[in-house]
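[1] I need the structure of the sequence given here:
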Amino acid sequence: MTVDWGINVKELAEVYDIDSNNTFVSLYMNDFDKKFIERRINACKSILKEDEHLYKNFEKTLDMILAHIHKGEKHGIVIFASYANKFFRAYNVSIPVENLLVVDSSPYIKPIVELMDRYESYGLILINSHKAKIYVVYAGEVEYEKDISKTIMGRHKKGGWSQARFQRIRKGAISQFINEAVEDAEKFFSKEKIDKIIIAGPGEAKIWFKERLPSYLRDKVIGVIDENFYEVESKIISDAEDMVEKDEEKEREELVETLKADILRNELAVYGIEETMDAVKNGQVSMLLVAEGLKIAGWKCERCQVAAIGTKEKCPYCGHDTTGVDIVEEIVELAEKSDSRIEFFDDKMLRDIGGIAALLRYK
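    Presented below is the predicted three-dimensional model:
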């Protein structure tokens with residue numbers, strides 16, 4: 001699961017201009033850097049000046065972007081815009097992004113897809129016998145918090161029948177509270193795109209809570225932590241982060257082992273740019289695996305939607321002008337369109353086979 005900042009990546013992947021190679025401007029800005037923006041604008045203008053239509057669209061698109069920046073937040077911004085296509089999407093992101101300004105026939109989405117994969121949101125429930133907190137944690141920061149509590153009688157010190165009756169009442173109240181906490185968690189997590197849940201707290205309440213979760217949520221629980229309910233929040237979050245990191249590392253190892261086995265048996269896996277590109281075009285890809293930071297130069301014809309590594313000035317199929325592209329970006333866009341999962345990670349074996357591979361739905 002990935003945090004999405006409200007970004008519909010599939011929508012962005014499906015947007016392109018069939019008639020022009022250079023109508024969309026994508027801006028990633030960690031901090032407002034006037035020199036960087038001016039340098040990129042001047043470089044792009046020097047290339048686009050030979051085409052009056054593209055040059056005018058670039059200027060008007062920049063006007064839209066800069067007007068948005070100057071009137072609002074100047075840190076952690078991602079913008080995709082095209083004046084000619086009446087398209088504008090702006091997002092604030094809470095983690096560092098590399099400053100980029102890209103002009104292309106479609107929004108340049110690979111950096112945001114990679115960030116969304118790298119920083120996962122997860123659910124954290126801290127619970128004891130009468131209090132609970134539900135968190136959504138993203139990049140080590142609490143994005144959402146809800147408190148749940150119930151007054152429950154303390155332990156009874158007197159003996160005899162009254163003590164037994166009292167303890168039954170107390171256990172019933174605790175049980176009711178656990179059920180209410182489960183209902184609240186279910187209501188909340190059914191609305192959130194959360195694939196991983198951690199349960200923390202003292203005693204047995206956390207175990208009872210997990211057991212009573214509906215199966216679709218219980219299956220998302222990656223760990224249960226013994227934690228003092230009143231521990232410093234940063235310590236609780238840190239312990240949960242460690243568990244998430246270990247779980248992600250285990251998932252990556254399992255993916256690599258699956259990839260190795262399928263390649264050796266020539267089963268549901270492909271690797272390398274050309275085979276992976278063909279598979280993703282055909283909608284065969286279940287999971288796309290990409291080495292972090294991978295870029296491969298290529299060309300693309302917007303009219304035919306054909307892309308390949310290397311360079312060509314004219315499309316060999318229709319004769320339309322081509323544009324230079326990052327082939328990895330093109331594959332990521334196709335994967336988003338076909339609802340494939342995408343994982344970016346650093347692995348020697350993956351780099352040895354070209355830096356890109358896929359697990360397939362069918363062959």
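
[2] the longest helix in the protein is where?
    Ranked by residue count, the top helix of the chain under DSSP state H comes out as helix 233-264.

[3] list the strands paired with the helix or strand just after that one, with their directions.
    Counting by DSSP states H and E, the next helix or strand C-terminal to helix 233-264 is strand 269-271. Strand pairing for strand 269-271, using DSSP bridges, gives strand 356-360 (antiparallel).

[4] contacts for the strand it pairs with?
    With contact meaning CB atoms under 8 Å, 6 or more residues apart in numbering, strand 356-360 is reached by 255, 258-259, 262-263, 268-273, 276, 279-280, 284-291, 294, 328, 331, 340, 350. For glycine as for every other residue, the C-beta is placed from the backbone atoms N, C-alpha and C.

[5] and that strand, what's its mean pLDDT?
    Averaging pLDDT along strand 356-360 gives 96.

[6] report the buried residues of whichever strand or helix holds residue 349.
    Per DSSP H and E, residue 349 falls inside helix 348-352. Residues residue 350 are the ones in helix 348-352 that count as buried (16 or more other CB atoms under 10 Å).

[7] remind me which helix or strand residue 44 belongs to.
    Per DSSP H and E: helix 34-48 holds residue 44.

[8] tell me which element the spatially most central residue of the chain is part of?
    Nearest residue to the geometric centre of the chain (CA atoms, centre = their mean): residue 116, 2.6 Å. Residue 116 belongs to helix 110-118 when assigned by DSSP H and E.

[9] so, low pLDDT: which residues of the chain?
    1-5, 18-19, 21, 73, 139-140, 143-145, 149-172, 192 (pLDDT under 70).

[10] which residue ranges make up the domains of it?
    Following automatic domain parsing, one finds the domains of the chain at 1-117, 120-247, 268-363.

[11] ok, which stretches of the chain are helices?
    Using DSSP H, helices in the chain cover 9-13, 34-48, 52-71, 110-118, 160-189, 205-212, 215-218, 233-264, 273-281, 327-337, 348-352.

[12] output the contacting helices and strands for the shortest one.
    Secondary-structure packing of helix 215-218 (3 or more CB pairs under 8 Å, 6 or more residues apart in numbering; DSSP states H and E): helix 160-189.

[13] verify the stated contact: the residue nearest to the centre of the chain with residue 6.
    No. Counting by CB atoms under 8 Å, residue 116 does not reach residue 6; the two are 11.5 Å apart.

[14] ok, residue 148 - how many residues close by?
    Neighbours of residue 148 under the rule other CB atoms under 10 Å: 17.

[15] I'd like to know how far the residue nearest to it when sequence neighbours are not counted sits from residue 237.
    Counting by CB to CB, 6 or more residues apart in numbering, residue 148 lies nearest to residue 132, which is 4.3 Å off, once chain neighbours are set aside. The gap separating residue 132 from residue 237 is 16 Å, by CB to CB, to the nearest Å.

[16] when the two are compared, which one has more neighbours?
    Legend: neighbour count by other CB under 10 Å for residue 132 and residue 237, higher for residue 132 (27 against 19).

[17] mind listing what the more buried one touches?
    Shown in contact with residue 132 (CB under 8 Å, 6+ apart): 125-126, 147-149, 177, 181, 184, 209.

[18] quick one on the thing from earlier: using CSV, write out every CA atom in the helix holding residue 116.
    Only the C-alpha atoms of helix 110-118 are listed here, as CSV (Å, rounded to 0.1, in the frame of the first residue of the first chain):
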residue,chain,number,x,y,z
LYS,A,110,7.7,8.0,-12.5
PRO,A,111,9.2,10.1,-9.6
ILE,A,112,5.9,10.3,-7.8
VAL,A,113,5.2,6.5,-8.3
GLU,A,114,8.6,5.7,-6.9
LEU,A,115,8.0,8.0,-3.9
MET,A,116,4.6,6.5,-3.3
ASP,A,117,6.1,3.0,-3.3
ARG,A,118,9.0,4.0,-1.0
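
[19] what is it packed up against?
    Against helix 110-118 (3+ CB pairs under 8 Å, 6+ apart) you get helix 9-13, helix 327-337, strand 341-345.

[20] re the thing from before, whichever of the contacts of residue 132 end up buried, select them in PyMOL.
    PyMOL command restricting the contacts of residue 132 to the buried ones, with burial defined by 16+ other CB under 10 Å:
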select buried, resi 125+126+148+177+181+209
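
[21] quick one: the contacts of residue 132 as a markdown table, columns for distance to residue 107 too.
    Listed next are the contacts of residue 132 as a markdown table, based on distance: CB to CB, whole Å:
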| residue | distance to residue 107 |
| --- | --- |
| 125 | 37 |
| 126 | 39 |
| 147 | 39 |
| 148 | 41 |
| 149 | 45 |
| 177 | 48 |
| 181 | 41 |
| 184 | 38 |
| 209 | 42 |
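
[22] quick one: residues contacting the nearest residue to residue 334 once chain neighbours are set aside.
    Closest residue to residue 334 apart from its sequence neighbours, by CB to CB, 6+ apart: residue 280 at 4.5 Å. Applying CB under 8 Å, 6+ apart to residue 280 gives the contacts 288, 331, 334-335, 338, 340, 358.

[23] what's the answer for residue 123, then?
    134-137, 185, 189, 192, 194, 196-198, 220.

[24] can you give me the buried ones in stretch 203-210?
    Across stretch 203-210, burial judged by 16+ other CB under 10 Å covers 205-206, 208-210.

[25] with stretch 209-225 instead?
    209-210, 212-213, 217, 220-225.

[26] of these, closest to residue 362?
    If you rank the buried residues of stretch 209-225 by distance to residue 362 using CB to CB, residue 220 comes first, at 26.9 Å.

[27] run through the bridge partners of the nearest residue to residue 244 once chain neighbours are set aside.
    Leaving aside its sequence neighbours, residue 244 sits nearest to residue 122 (CB to CB, 6+ apart; 5.5 Å). Assessed by DSSP bridges, residue 122 has beta-bridge partners residue 137.
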